[in-house]
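K.L.:
Here's my sequence, what's the structure:
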Amino acid sequence: MADCCCAPPPLNLDPHRGSSSYRRVLWVVLIINTVMFLVEIGAGVAAGSASLQADALDFLGDAANYAISLIVVGMALRYRATAALAKGATMGLFGLWVIATVIWHALHGTLPSAVAMGTVGIAALAANAASFAVLWRYREGDANMRSAWICTRNDVLGNLAVLLAALGVFGTGTGWPDVIVAAIMAALALQGAVTVVRHALNELREPAAVPAE
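P.N.:
Okay, here's the model as predicted:
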């Protein structure tokens with residue numbers, strides 16, 4: 001899940017890639033994912049839920065991918081690689097923050113709000129469903145289009161994991177389901193961040209990414 005969502009957009013773009021309709025779709029899903037990232041981060045902190053904060057990482061990664069896709073159209077490889085490097089570093093920092101949050105909750109045995117987790121989890125699922133719908137017509141496009149659609153499809157699994165964590169918290173009366181789900185999601189996000197940084201550094205070393213003298 002994390003690798004797919006975090007991988008930088010490739011350069012092998014087809015003729016539809018720069019179309020105005022696809023740009024509009026990218027703007028729509030960029031706004032959706034940015035808003036949901038802010039909502040889940042805020043709700044996760046307020047509800048004391050590490051899994052909500054971890055799920056927010058998926059929205060952050062998706063928003064960054066869509067932003068990069070919009071920015072790098074027609075630009076040189078080094079610009080895409082630099083943007084991807086910044087994205088990977090940001091994802092890594094947020095991932096470490098979520099891991100620290102997981103450890104803190106585990107040590108203090110906090111009990112997150114199952115109702116808030118479920119409510120926001122359903123909203124996140126609806127947001128990804130909306131992104132899934134608007135990207136549907138581009139599922140057979142170039143590699144970047146397909147990866148964006150597959151990524152959104154896979155993010156639904158993260159939303160379902162949060163809902164399961166909410167049910168677990170409600171059923172057991174403990175915060176361990178939330179901690180376990182958050183730890184798994186944060187680990188996947190960190191793995192994705194490492195993949196992005198490594199990929200971006202390799203691209204920056206390529207001759208095509210080095211400006212001509």
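
K.L.:
What residue, apart from its backbone neighbours, is nearest residue 67 spatially?
P.N.:
What sits nearest to residue 67 in space, not counting adjacent residues and going by C-beta to C-beta, 6 or more residues apart in numbering, is residue 30, at 5.9 Å. Every C-beta, even on glycine, is put in place using the N, C-alpha and C of the backbone.

K.L.:
Contacts only, for the one you found.
P.N.:
63, 66-67, 70 (C-beta atoms under 8 Å, 6 or more residues apart in numbering).

K.L.:
Buried among those residues? Make that a PyMOL selection.
P.N.:
Of the contacts of residue 30, the buried ones can be selected in PyMOL as follows, counting by 16 or more other C-beta atoms under 10 Å:
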select buried, resi 63+66+67
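
K.L.:
Just the ones of the contacts of residue 30 in strands?
P.N.:
Per DSSP state E, strands hold no members of these.

K.L.:
Quickly find the element holding residue 57.
P.N.:
helix 50-71 (DSSP states H and E).

K.L.:
Check residue 99 too.
P.N.:
Residue 99 belongs to helix 77-108, assigned by DSSP H and E.

K.L.:
For this structure, spot the helix or strand the model is least confident about on average.
P.N.:
helix 2-6 (a mean of 49; mean pLDDT, DSSP states H and E).

K.L.:
Next secondary structure after it?
P.N.:
Following helix 2-6 in sequence, per DSSP H and E, is helix 20-47.
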